[in-house]
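[1] When you get a sec, could you give me coordinates for this:
(4 chains)
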Protein chains: 2
Amino acid sequence: MGRPSRFDTDALVETAITVAARGGPAAVTMVAVARAAGAPSGSLYHRFPGRPALLAAVRLEALADFQEGLRAVLAVADPLAAATGAARHVVAWSRTRPDRARVLLYSPVDFEVERWPVAERERMERGNARSGAALVGIAEALRAPEEAAGPALERTRMAVVDLPLALVRRHLSGGGEIPAEAEDAAADAAYRLLAPRP
Amino acid sequence: MGRPSRFDTDALVETAITVAARGGPAAVTMVAVARAAGAPSGSLYHRFPGRPALLAAVRLEALADFQEGLRAVLAVADPLAAATGAARHVVAWSRTRPDRARVLLYSPVDFEVERWPVAERERMERGNARSGAALVGIAEALRAPEEAAGPALERTRMAVVDLPLALVRRHLSGGGEIPAEAEDAAADAAYRLLAPRP
DNA sequence: TGGTTTTTAGAGACACCCCTCTAATAATGG
DNA sequence: CCATTATTAGAGGGGTGTCTCTAAAAACCA
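    Okay, here's the model as predicted:
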């Protein structure tokens, strides 16, 4: 099998994630990650064809981890419970995995998606499509009889993803931590946004 | 008065804003902005002592423009109307000034606030304090009798600032535009979040 | 043991950026 | 018209980053 590796891919991605969490995607350079991992740059290039691939690995790791849990929560039968649970999950996940959450607070553009290798870009689109489909299901179940599909989806996405992430953003950007109460706040807000009008 | 200037400070800040909107704070380098403005880098250094000062100018211009309008809307007498109006304003402002909005979607850390000249940092803190005070007033007026001050402020800030900005973020990050309906969505969501429970 | 394979190790070419510094330029005031 | 002054113009040093390429190291396998 040849010489055993001193730095395995997962560990390198992990340090790249902490670098990204601390300094944003711009700080994720090949040299910076190599230095942080105590590896020579050659070892990095041995695993990632270039910086775009490294950025993709960082983003995809965070995204997959996030979406996996989200989809599990969204699978609950009662749509309102699924939605409030998902809102709570977004905050809870971010609280326990702040570095990965910080990665997700940046936009795809910041991670230079347009330069990613095609395989990685497709992997991201597949993940987004799967989660998007789960969300559409919930939105449809919650939709008021007279409401159009578009606005209903908008409202659901806002309650389940955007609003919790906004909460997370305010706490994390600035170096702080997320308080436990934020989970309740997210769930409560989602309920208010999605419960049928009185 | 000496030789008249070919590039005035405001115009340079303006091009810096479009550079920042397109490529994020990382793209705002002295050379990049100089190139975009068609000016030699020396002209830039003549007006800004260095990159941190340029980043500060970009951020402060966007922030001042945003907060000015926000405070005006928050000054409305009825607190619930002020809050929903403010939420609407955040989206409306972002819709008409997408480049400035894009600048505000990044965190202070991304703009390297810690390296700014002190004067600029203080100017930012003063602006934040003023807007924060206006928000505290609204939050206090909206607070339910049995609610504590902290959570009430959290809820108000979320409805008035975070959630509208989250909406804006989804549309702007990715290069798109903000649809006009988003203003209604923001105002509606703010109402649902802040109106007294049935 | 000796060949094969995988990986580390790091030097080096090239590009870009920050910033300094010196000249040249073009207006104004006496 | 000349001195003054604000500004443009851009060359160049020093630093850092990307990526390539060669050599050595360290395991496995026959």
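
[2] The closest residue in space to A:Pro49 that isn't next to it in sequence: what's it in contact with?
    Nearest residue to A:Pro49, sequence neighbours excluded (C-beta to C-beta, 6 or more residues apart in numbering or on different chains): A:Pro117, at 7.2 Å. For every residue, glycine as well, the C-beta is placed using N, CA and C. A:Pro117 is in contact with A:49, A:52-53, A:56, counting by C-beta atoms under 8 Å, 6 or more residues apart in numbering or on different chains.

[3] can you list the weak-confidence ranges in chain A?
    A:1, A:198 (pLDDT under 70).

[4] And the helices in it?
    A:9-23, A:30-37, A:41-47, A:51-74, A:79-96, A:98-104, A:118-142, A:149-157, A:163-172, A:181-194 (DSSP state H).

[5] which bits of chain A sit near chain B?
    A:24-26, A:105, A:107-110, A:151, A:154-155, A:157-158, A:162-163, A:165-167, A:169-170, A:173-175, A:181, A:185, A:189, A:192-193, A:198 (C-beta under 8 Å from any C-beta of the partner chain).

[6] ChimeraX command for the buried members of these?
    Typed into ChimeraX, the next command selects the buried ones out of the residues of chain A next to chain B (criterion: 16 or more other C-beta atoms under 10 Å in any protein chain shown):
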select /A:24,25,26,105,107,108,109,110,151,154,155,157,158,162,163,165,166,167,169,170,185,189,192,193
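
[7] Find the nearest non-adjacent residue to A:Lys34, please.
    One correction, residue A:34 is Ala, not Lys. That would be A:Ser41: by C-beta to C-beta, 6+ apart, it lies 4.5 Å from A:Ala34.

[8] how deep is that neighbour tucked in, by neighbour count?
    14 (other C-beta atoms under 10 Å in any protein chain shown).

[9] Just to check, it is in contact with A:Thr29?
    No: the pair A:Ser41 / A:Thr29 is not scored as a contact, 9.6 Å apart, by C-beta atoms under 8 Å.

[10] so who does the residue in chain A positioned nearest to DNA strand C touch?
    Nearest to DNA strand C, among the residues of chain A, is A:Gly2, at 2.1 Å (C-beta to the nearest atom of the strand). Under the criterion of C-beta under 8 Å, 6+ apart, A:Gly2 has no contact partners.

[11] Residues touching stretch A:189-197, excluding its own?
    Here stretch A:189-197 has contacts from A:80, A:83-84, A:86-88, A:142, A:144, A:155-156, A:158-160, A:163-164, B:155, B:158, B:189, B:192-193, using C-beta under 8 Å, 6+ apart.
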